[in-house]
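Novice: Sequence and predicted structure are below.
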Amino acid sequence: MKPLISIVLPVFNEEEGIQDTIDTLLNFTEQQEENFELIFVDDGSKDHSVEILSHAADYYENIKLVEFSRNFGHQNAITAGLDYISGDAVVVMDADLQDPPEVITSMVKKWKEGYDVVYGKRAQRDGESVFKKATASMFYRTFRKLSSIDMPLDTGDFRLMDKKVVYQLQQLKEYDPFVRGQVTWVGFKQTSVVYHRHERNAGETKYPLSKMLKLATDGIKSFSIKPLLFANIFAAIPFVGSIIYLITIIATSSYSAESFGIVVILLSISLMLVTLGIVGDYMGRILNQVNKRPRYIVRDLKGFQQNEKVYKLKNN
Ligand code: UDP
Ligand code: MG
């Protein structure tokens, strides 16, 4: 039987380009040997995107639409899309054709070779500001330093995932999910395809600076507790300051009530910061616990019956 590939597309106010996206993808999927379904998740668009998509869903059997009650954000839209797939694998892509459909062919090829995740790595990005490219590049590098997961550089959410990876993502019930971090975190056999990211087919980016900042900080907060420990590092400044000051007043014999007062203040600030750091440390542990991630994940099982295996992989 031919495999079924689901394509998940989050949509937010894309009326100018969405019809073109639908037509291009239908045209592309018709030429492939696999079967495809398109799952559009409308993330509370205020324009005519929903009308265009509902029309397409009525007309074409392989187009589905998940409509949100309001704007929940790109990452939640992707998460919802993954809950509604019926494919053997899923590809997540922007609804503005910045991620070229042809790349899906190479992703599917790698999937058939046995990879569970094939992410798109951007070699070149057209039509995006120098500021966006520079901040994105800075973010990926900072993220890697702060978090303990090895997220590949310069990758977005454009990627193919096997359905067993999707089952695992469905178990992560985090608020404000950072999907690309989660995909790295679950592990499995991952590889990349390099591609050239195009300009959007129409309209403006739906990621203003505020949303970009939220995405970046959500990413760091859900995969790193190091910022909570910054207080410990800052504590060193008044501590070292007070010691230097103390040595100076002793060496120059310039003791006075004020000078000792300064030492006491500096030392207590340092003590307060260390205490804050300890609180942060414990809070970090609570956060990890509250996130309720499973402690291990099985990639495959051998020697089981097929239906049992499917059930186990889904529920491990
Ligand atoms: N998007 C969304 N909800 C949002 C913002 C964006 O569903 O709150 C969608 C948007 O329609 C697009 C994708 O997420 O399909 C990525 O957004 P965009 O193309 O604006 O980001 P960029 O490519 O500029 O980083
Ligand atoms: Mg885009």
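Specialist: Cool, the structure landed. Ligands and ions are numbered 1, 2, ... in the order given.

Novice: Just give me the neighbour total for Gly187.
Specialist: 15 (other Cβ atoms under 10 Å). All C-beta atoms are positioned from the backbone trio N, CA, C, and that covers glycine.

Novice: ditto for Val179
Specialist: 23.

Novice: Give me the buried positions along stretch 218-230.
Specialist: For stretch 218-230, a neighbour-count test (16 or more other Cβ atoms under 10 Å) marks 218-225, 228-229 as buried.

Novice: And the residues you listed, which two are furthest apart?
Specialist: The distance between the two most remote of these (Cβ to Cβ) is 18.8 Å, for Asp218 and Leu229.

Novice: list the contacts for Phe40?
Specialist: With contacts defined as Cβ atoms under 8 Å, 6 or more residues apart in numbering, Phe40 is in contact with 9, 11, 53, 56-57, 63-66, 95.

Novice: Pull the contacting residues for Thr191.
Specialist: 110, 115, 117-119.

Novice: By neighbour count, which of the residues you listed wins?
Specialist: Going by other Cβ under 10 Å, Val118 tops these with 26 neighbours.

Novice: Can you give me the pLDDT of Lys309?
Specialist: For Lys309, the pLDDT comes out at 62.

Novice: Let me fix that, I meant to ask about Asn315.
Specialist: 59.

Novice: Glu102 now?
Specialist: The model's pLDDT for Glu102 equals 94.

Novice: and what of Ile297?
Specialist: pLDDT at Ile297 comes out at 58.

Novice: can you check Tyr195 too?
Specialist: Per the predicted model, pLDDT is 91 at Tyr195.

Novice: For stretch 44-52, what is the distance to the chain centroid?
Specialist: Stretch 44-52 has its average C-alpha position 25 Å from the chain's average C-alpha position, going by Cα atoms, centre = their mean, to the nearest Å.

Novice: neighbouring contacts of stretch 242-260?
Specialist: 262-263, 266-267, 270.

Novice: Quick check: phi and psi on Asp157?
Specialist: Dihedral pair for Asp157: phi -100, psi 0, per degrees, to the nearest 10.
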